[in-house]
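Chemist: Coordinates only, no sequence provided:
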Ligand code: GLU
C-alpha cells in the first residue's frame, strides 16, 4: 500500500534519524506492488471478510455496492475485474484469497478501512457535481476555427471526469464523448520521447523555459532549440525523437498504445478528418519545421517532414474525459496507472513532465495559472484540459469555447473552483488552504 505519512507522525524524527528527509518524501502515491504470498493474501482476505461483516456487508454484491460508493467499479478498472467473478452468497475468505490478486485485495481492504485517496468519495463527487453545475452556467469564449472540425464543435458540450491514485472515478456531463486532444497530448509526446531517448538527449534538442510567446511563434531559444515541449515547435521536436527509423504509421500507433496504457489500457483513436485538416492548414507548423531545420536543431538522421506528420496524428488522437482523468491520475501517481496497477512512465520522467506542465502547460496563462491554481495542467484548442493533483489524482475536462489565451473558459472556472473548494494548490500544504 501507499507510503502513508503515519510513520512520520507516530515515529517522529527518531525512527527516521538516518534520513532527515524521510517525512518530507513520504508521498501518498501508490506504487506498483509485488504479488503477496498465499499466506498474506489469506490474511488480507480474512481481514476483509471481518471488516465487511462489521459494516453489514455479507455478500459479494454487498461488497461491490460498498466499493461503488467509494468510486471503485470493476468496469472502471481492470485491477478489480476478478471481483465481479466472486460467487454469489456469503463472502468467503478462502475463495477470495484464491481468486483475487494481492493488488485487488489490498485495494478492497483500504476501501473498507476508509483509507483511499479520497476517503468520503460520495461527498467529494457531490461537491464536484456542484462545481460542474456552476461552471456550466459560465458562458463566453469562442471556438477554434482554423479547421472546420473544430469550428463545428458544439459550444455547449461540457464533460468532466476525475480519477484518484486509487482508481476512484466519477464523471459529469459529456465525459464519454471522445474528442481530438490537440495540445493536451503534448505531455505524453514528451514523456514517450524521454522514455525512448533519455533526458540528456531530449533536452539537447528542446529547452524547458516558458517561451513568453504564442504557442506557435516562430522563435527558438538562444541555443537554437524550441523553448519547451509544450509549444508546437517543442512537440514537433519530441515527435522527431519517437522511433525516427520506423514508418510514421507505426510511430503513431506506438504513441497511441503508450497513451492508451496511461489511460487504463483503453483504446486511443485518431480522428482522420482532423488529421487531414491539420495537414491542409499546416503553413505555420511547416514554417516552424523550416526554422528548426535551418538551425540544425533536429537530431541527426531525422526526417523533419515525418516528425511533423507524426505531430499532426498526435494532435488528432482522441480520448474522452474519463480517459484523460485516468492519464492525469497516472501522472499524479508517479507513473503507475491506478486502474491497471501497471507502471507506464518512469517516475523521473513523470517529475519532469509535471514540472513542464506547471510552468508551460497553459499557453500564455501558464504563470497566472501556476500562481492562482498551482497545479500542473495542459490544455488544447479543442477545449480539452488535463489537470493533475500530484499524489491525489487528476481531472479530464472538455468544453470547446476558448478564452483569449486559448484555454477553455469553463476549464479555467473549474480549476479556480477546485482550489477554492479543496486544498489542491501545490502550496496548500504550507498555508493550510
Ligand atoms: N494542431 C494545433 C497546432 O498545431 C494544436 C494547437 C493547440 O492545441 O495548441 O497548431
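Modeler: Received the coordinates, thanks. What you see is a predicted model; the values in this text were computed from it and never measured.
Chemist: Please make it C-alpha for all contacts and neighbour counts, starting now.
Modeler: Fine.
Chemist: Run through the bridge partners of residue 171.
Modeler: Partner residues in beta bridges with residue 171, using DSSP bridges, are residue 161.
Chemist: Surely it is in contact with residue 322?
Modeler: Yes - counting by C-alpha atoms under 8 Å, residue 171 sits close enough to residue 322 to count as a contact (6.9 Å).
Chemist: shared neighbours, these two?
Modeler: Between them, residue 171 and residue 322 have 160, 161, 162 as joint contacts when contacts are counted by C-alpha atoms under 8 Å, 6 or more residues apart in numbering.
Chemist: measure the first one to residue 142 for me?
Modeler: When distance is defined by C-alpha to C-alpha, to the nearest Å, residue 160 is 19 Å away from residue 142.
Chemist: more neighbours, the two?
Modeler: Counted by other C-alpha atoms under 10 Å, residue 160 and residue 142 do not tie: residue 160 has more neighbours, with 29 against 16.
Chemist: tell me, how many neighbours does the closest residue in space to residue 70 that isn't next to it in sequence end up with?
Modeler: Nearest-residue entry for residue 70: residue 121, 5.2 Å, with adjacent residues in sequence omitted and distances by C-alpha to C-alpha, 6 or more residues apart in numbering. Applying other C-alpha under 10 Å, we find 20 other residues in the vicinity of residue 121.
Chemist: And residue 206, by the same measure?
Modeler: Using other C-alpha under 10 Å, residue 206 has 26 other residues around it.
Chemist: wait, isn't it in contact with residue 230?
Modeler: No - applying C-alpha under 8 Å, one finds residue 206 not in contact with residue 230, separated by 10.2 Å.
Chemist: quick one on the thing from earlier: which of residue 171 and residue 322 has more neighbours?
Modeler: In this view residue 171 and residue 322 are compared by other C-alpha under 10 Å, and residue 322 has more residues nearby, 29 against 22.
Chemist: what's near enough to touch the nearest residue to that one once chain neighbours are set aside?
Modeler: Nearest residue to residue 322, sequence neighbours excluded (C-alpha to C-alpha, 6+ apart): residue 161, at 5.1 Å. Contacts of residue 161 were listed using C-alpha under 8 Å, 6+ apart, and they are 169, 170, 171, 172, 175, 321, 322, 324, 325, 395, 396, 397.
Chemist: what's the closest of those to the ligand?
Modeler: Sorting the contacts of residue 161 by distance to the ligand puts residue 397 at the head of the list, at 14.2 Å, by C-alpha to the nearest ligand atom.
Chemist: The closest one sits in which helix or strand?
Modeler: Element membership of residue 397 [criterion: DSSP states H and E] is strand 393-398.
Chemist: and the stretch 251-400 of the chain, which of its residues are near the ligand?
Modeler: Contact residues of the stretch 251-400 of the chain with respect to the ligand, defined by C-alpha under 6 Å from any ligand atom, are listed as 315, 380, 381.
Chemist: Now with 8 Å, please.
Modeler: Within the stretch 251-400 of the chain, the positions adjacent to the ligand are 278, 282, 284-285, 311-312, 315-316, 363, 379-382 by C-alpha under 8 Å from any ligand atom.
Chemist: what do you get for the stretch 51-200 of the chain?
Modeler: Within the stretch 51-200 of the chain, the positions adjacent to the ligand are 181, 182, 183, 184 by C-alpha under 8 Å from any ligand atom.
Chemist: check contacts around the closest residue to the second one other than its chain neighbours.
Modeler: Closest residue to residue 182 apart from its sequence neighbours, by C-alpha to C-alpha, 6+ apart: residue 315 at 3.9 Å. Applying C-alpha under 8 Å, 6+ apart, we find residue 315 in contact with 180, 181, 182, 183, 185, 275.
Chemist: center of this structure, which residue is that?
Modeler: Centroid-nearest residue in the chain, with C-alpha atoms, centre = their mean: residue 328, separated by 1.4 Å.
Chemist: Check which helix or strand it maps to.
Modeler: Per DSSP H and E: helix 321-332 holds residue 328.
Chemist: Setting aside sequence neighbours, what's the nearest residue to residue 320?
Modeler: Nearest residue to residue 320 in three dimensions, chain neighbours excluded: residue 178, at 4.0 Å (C-alpha to C-alpha, 6+ apart).
Chemist: Could you tell me how far residue 359 is located from residue 231?
Modeler: With the distance defined as C-alpha to C-alpha, residue 359 ends up 12 Å from residue 231.
Chemist: hang on, I meant residue 265
Modeler: With distances taken as C-alpha to C-alpha, residue 265 is found 27 Å from residue 231.
Chemist: what about those two, which has more around it?
Modeler: Of the pair residue 265 and residue 231, residue 231 is the one with more neighbours under other C-alpha under 10 Å, namely 23 against 19.
Chemist: In three-state terms, label the residue lying closest to that one once chain neighbours are set aside for me.
Modeler: Spatial nearest neighbour of residue 231, excluding adjacent residues (C-alpha to C-alpha, 6+ apart): residue 215 at 4.8 Å. Of the three states, residue 215 takes coil under DSSP: H, G, I helix; E, B strand; the rest coil.
Chemist: need the contact list for residue 215.
Modeler: Listed by C-alpha under 8 Å, 6+ apart, the contact partners of residue 215 are 230, 231, 232, 363, 364.
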